[in-house]
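# No letters, just coordinates:
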């Protein structure tokens with residue numbers, strides 16, 4: 001019994017010691033994890049996990065440590081362990097696990113997790129984008145096969161990324177400087193800190209020479225990356241750890257983040273006057289600057305307060321005196337709850353960027369979007385599987401003239417953890433469409449040359465106009481995926497308006513229009529509106545402003561007035577019997593005057609028009625005050641008339 005007791009005490013003591021040791025190791029791992037020392041955290045956590053210890057919190061942090069280092073196979077392994085223990089974890093882990101599985105080729109399982117992610121977090125933009133585009137792989141396939149890609153010729157066995165071409169040199173960040181035995185490694189990645197390097201580019205064939213460290217005060221003992229030069233070569237913007245003048249800044253958790261800096265080229269041809277941009281902060285990161293073609297706007301990535309996701313795209317104006325405006329988030333048109341980063345803007349009003357928030361192949365994918373004159377972003381598309389892979393693909397830049405450029409990826413087959421690739425885009429992704437058709441006589445099929453054709457957008461704004469040629473043909477350049485309205489007008493024919501939806505792929509959209517001969521012959525005293533079936537010019541309830549559908553009908557009246565310059569009209573507006581006599585009279589009079597005002601604004605002389613509101617004084621049926629009527633009967637009394645008073 002005594003021996004048994006001693007044995008039992010020994011076992012309990014050993015178990016207690018083992019449990020204490022595990023907890024101590026977990027605490028050590030947590031400390032490393034919280035300070036972004038992910039490589040060291042992985043080593044500590046895995047020692048414990050490989051001895052059979054299981055913990056949801058540890059599996060989350062192990063998965064995250066791999067995920068944040070873009071090692072998606074490692075992330076998938078430990079997220080898998082997490083989900084084996086519990087599938088009621090936070091929605092974010094469904095998304096990260098799905099992204100990791102895509103990178104390992106398990107797309108079906110990944111999509112199932114994305115379905116679950118959407119059901120658990122329907123307000124998240126990433127889930128909505130996935131559900132709105134469940135055939136995203138087909139679209140990526142359609143956008144592929146457009147590039148010739150090869151190694152850029154400047155890579156090492158370390159991380160090389162983020163290129164920029166200026167003055168026949170390529171600039172990029174590299175971790176290849178292992179220095180001496182005192183050279184420090186970055187705890188996040190386990191690689192050496194990056195500096196900016198450059199290499200000469202042969203202007204004839206683009207082949208890069210030997211890479212050399214950029215000799216300037218820009219490079220320090222911490223990270224430098226993402227340089228972008230102004231066209232005159234006198235200013236460079238770049239990303240660096242929060243370190244300047246020998247001092248390292250830290251956030252409230254004593255972590256050194258990254259900032260955007262600016263340097264100027266002095267008279268001695270050396271880079272100096274290195275300053276951080278005024279919207280930087282010790283408590284959030286700003287990174288990866290990109291200049292607009294006119295160099296009046298700086299685009300960048302940040303997780304500053306107000307960001308929608310883990311990092312968003314921003315822009316800030318550069319004033320003529322060199323000062324900066326207030327940073328502006330590019331908004332929900334482009335940013336998601338995930339990461340949007342590495343912007344690049346071209347002279348063709350396109351913005352390229354990398355994101356893990358849009359449906360893609362895994363990790364960061366490169367996307368492109370249009371920027372209109374008001375800064376609105378639209379038509380976001382994945383650039384395809386030539387550039388994109390199941391891993392991280394980012395830092396895409398392109399010369400819009402030669403269609404040559406560079407991007408960075410940690411895809412399989414590279415030399416280092418990140419590698420720079422050069423490419424030639426052989427076919428533009430930008431969708432280009434042409435709307436065309438032939439105008440004919442509906443009865444005889446004969447060609448109608450000289451027909452006026454007007455193109456409207458879905459907001460009833462005129463986009464273009466033309467006249468059908470000798471073969472009856474018209475042609476308009478149009479935007480892909482948009483809805484348009486085409487109006488055909490010709491004397492002695494009824495005006496016809498047709499809607500058309502343009503394809504989302506490049507090509508031609510054919511829209512033939514057949515016009516019917518006008519059978520409406522009018523004289524003085526006739527209602528011109530009857531010819532066109534215009535029963536009422538529509539206004540918003542209790543208002544007198546012209547609505548969009550009303551403008552469409554008034555365009556028909558306008559055409560006839562222009563074709564008959566001596567015609568005059570008496571425009572009469574009527575209401576039903578509901579509301580008071582006084583109210584109806586005033587409302588109908590305002591509407592008649594608004595109709596006249598619209599026609600005058602569009603070129604009709606005021607002396608050709610007169611009008612009045614008659615309220616409910618000229619009802620066409622029994623529906624006076626106190627009489628029960630259907631809505632259709634009341635509608636018959638709400639009408640507009642265009643009585644011809646002179647020809």
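Nice, thanks for sending it over. Given the structure is predicted, the values throughout are model-derived calculations rather than measurements.
# can I assume residue 496 is in contact with residue 515?
Yes: in terms of CB atoms under 8 Å, residue 496 counts as a neighbour of residue 515; the distance is 5.6 Å. The C-beta positions use only the backbone N, C-alpha and C, and glycine is treated the same way.
# who touches both of the two?
Any residue near both residue 496 and residue 515 by CB atoms under 8 Å, 6 or more residues apart in numbering counts here, and that gives residue 488.
# The two: which is more packed in?
Set side by side, residue 496 and residue 515 show more neighbours around residue 515, with 20 against 17, by other CB atoms under 10 Å.
# Just after the worst-scoring helix or strand of the chain on mean pLDDT, pick out the following helix or strand.
Ranking every helix and strand in the chain by mean pLDDT, DSSP states H and E puts helix 2-34 at the bottom, with a mean of 56. Later in the chain than helix 2-34, the nearest helix or strand by DSSP states H and E is helix 38-49.
# other SSEs contacting that next one?
Under the contact definition 3 or more CB pairs under 8 Å, 6 or more residues apart in numbering; DSSP states H and E, helix 38-49 sits against helix 2-34, helix 56-67, helix 72-85.
# and the shortest one, average pLDDT?
Per-residue confidence for helix 56-67 averages out to 88 on the pLDDT scale.
# What is it packed up against?
helix 2-34, helix 38-49, helix 72-85, helix 91-103.
# roughly how far out does the last one sit from the chain middle?
Counting by CA atoms, centre = their mean, to the nearest Å, helix 91-103 is centred 22 Å from the centre of its parent chain.
# what does the helix or strand containing residue 161 rub up against?
Here residue 161 sits within strand 160-166, counting by DSSP H and E. Here strand 160-166 makes contact (CB under 8 Å, 6+ apart) with 152, 154, 170-176, 194, 201, 225-229, 233, 288, 342, 394-395, 397, 399, 406, 408, 416, 418-420.
# Now, those residues that are in strands?
Members of the contacts of strand 160-166 lying in strands (criterion: DSSP state E): 170-174, 225-229, 288, 342, 394-395, 397, 406, 408, 419-420.
# Restrict those to the buried ones and give me that as a ChimeraX selection.
What follows is the ChimeraX syntax for the buried subset of these, where burial is set by 16 or more other CB atoms under 10 Å:
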select :170,171,172,173,174,225,226,227,228,229,288,342,394,395,397,406,408,419,420
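# hang on, isn't residue 100 packed against residue 78?
No: assessed by CB under 8 Å, residue 100 is found out of contact with residue 78, at 9.2 Å.
# Could you check which of those two has the larger neighbour count?
Neighbour count, other CB under 10 Å: between residue 100 and residue 78, residue 100 has more, with 28 against 25.
# Can you name the residues that contact that one?
Contacts of residue 100 (CB under 8 Å, 6+ apart): 63, 66-67, 72-73, 75-76, 79, 362.
# quick one: which two of these are the most distant?
Pairwise distances among those were taken by CB to CB; the largest, 14.8 Å, belongs to 63 and 362.
# sec struct for the closest residue to residue 383 other than its chain neighbours, please.
Excluding the flanking residues, the one nearest residue 383 by CB to CB, 6 or more residues apart in numbering is residue 366, at 4.9 Å. Following DSSP: H, G, I helix; E, B strand; the rest coil, residue 366 is assigned to strand.
# wait, what's in contact with residue 366?
Counted by CB under 8 Å, 6+ apart, residue 366 has contacts 352-354, 382-383, 387-388, 393-394, 396, 407.
# What is the nearest of the residues you listed to residue 32?
Distances from residue 32 to the contacts of residue 366, taken by CB to CB, are shortest for residue 394, at 26.1 Å.
# Assess the claim that the closest one and residue 339 are in contact.
No: between residue 394 and residue 339 there is no contact under CB under 8 Å: 9.6 Å.
# could you pull out the helices for the protein?
Along the chain, counting by DSSP state H, helices occupy 2-34, 38-49, 56-67, 72-85, 91-103, 107-120, 125-132, 136-142, 528-531, 548-563, 581-601, 631-637.
# ok, back up a step: need the residues touching each of residue 100 and residue 78.
63, 66.
# follow-up on the earlier one: pick the most deeply packed of the helices and strands packed on helix 56-67.
Comparing the helices and strands packed on helix 56-67 by mean neighbour count (mean count of other CB atoms under 10 Å), helix 91-103 ranks first with a mean of 24.
# what's the domain layout of this protein?
2-122, 222-425, 433-515, 528-646 (automatic domain parsing).
# Straight-line length of the longest one, end to end?
Across domain 222-425, the straight-line distance between its terminal residues is 35 Å, by CA to CA, to the nearest Å.
# for the shortest one, same thing?
Counting by CA to CA, the length from the leading to the trailing residue of domain 433-515 is 25 Å.
# With stretch 404-417 instead?
End to end - CA to CA - stretch 404-417 spans 24 Å.
# From the rest of the structure, what touches it?
For stretch 404-417, using CB under 8 Å, 6+ apart, the contacting residues are 70, 151-152, 155-163, 165, 170, 175, 189, 191, 206, 363, 366, 387, 389-399, 418-425.
# Swap in 6 Å and give it another go.
For stretch 404-417, the external contacting residues (CB atoms under 6 Å, 6 or more residues apart in numbering) are 70, 155-161, 163, 387, 389, 391-398, 418, 420-424.
# Quick one: buried ones out of those?
70, 155-156, 158-161, 163, 387, 389, 391-398, 418, 420-423.
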